[in-house]
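*Asks:* Need coordinates for the following:
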Amino acid sequence: MNTSVAIQVLPKADNDNELIRIVDEVIDYIKSTGLNYYVGPCETSIEGEYDELMDIIKECQKVAVKAGAESVSAYVKITYRPEGEVLSIEKKVTKHHR
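*Replies:* From the prediction side, this is the model:
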């Protein structure tokens, strides 16, 4: 695994319940990829290979719109190490969630 991304999807929605429903659909899509992921209160982290993760980030926007968002913004953080492994989600957070 040479890449880790964190994505915060911010769909335009009429109310909080609709916003949560749309974000849940995006998270369901991320789950369906089979990659290792971690859902936090403000963003979801995903681990994998660079090109695959870039495709997933792009698809997250489309999933949100298909779920009913008029528009969607996203904040994305990318850690990329082409010649090695990035720190895993497990190494970063396990000690904080005992």
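*Asks:* now for the helix or strand bottoming out on mean pLDDT in the chain, which elements pack on it?
*Replies:* Ranking every helix and strand in the chain by mean pLDDT, DSSP states H and E puts helix 89-93 at the bottom, with a mean of 90. Contacts defined by 3 or more C-beta pairs under 8 Å, 6 or more residues apart in numbering; DSSP states H and E place helix 89-93 against strand 37-39. The way it works is simple: take the backbone N, C-alpha and C, and place the C-beta from them, glycine included.
*Asks:* what does the strand it packs on rub up against?
*Replies:* 27, 30-31, 44-47, 89, 93 (C-beta atoms under 8 Å, 6 or more residues apart in numbering).
*Asks:* redo that, cut-off 6 Å
*Replies:* 27, 30, 44-46, 89 (C-beta atoms under 6 Å, 6 or more residues apart in numbering).
*Asks:* now stretch 5-13
*Replies:* 19, 22-23, 26, 42-46, 53, 57, 60, 64, 69-78.
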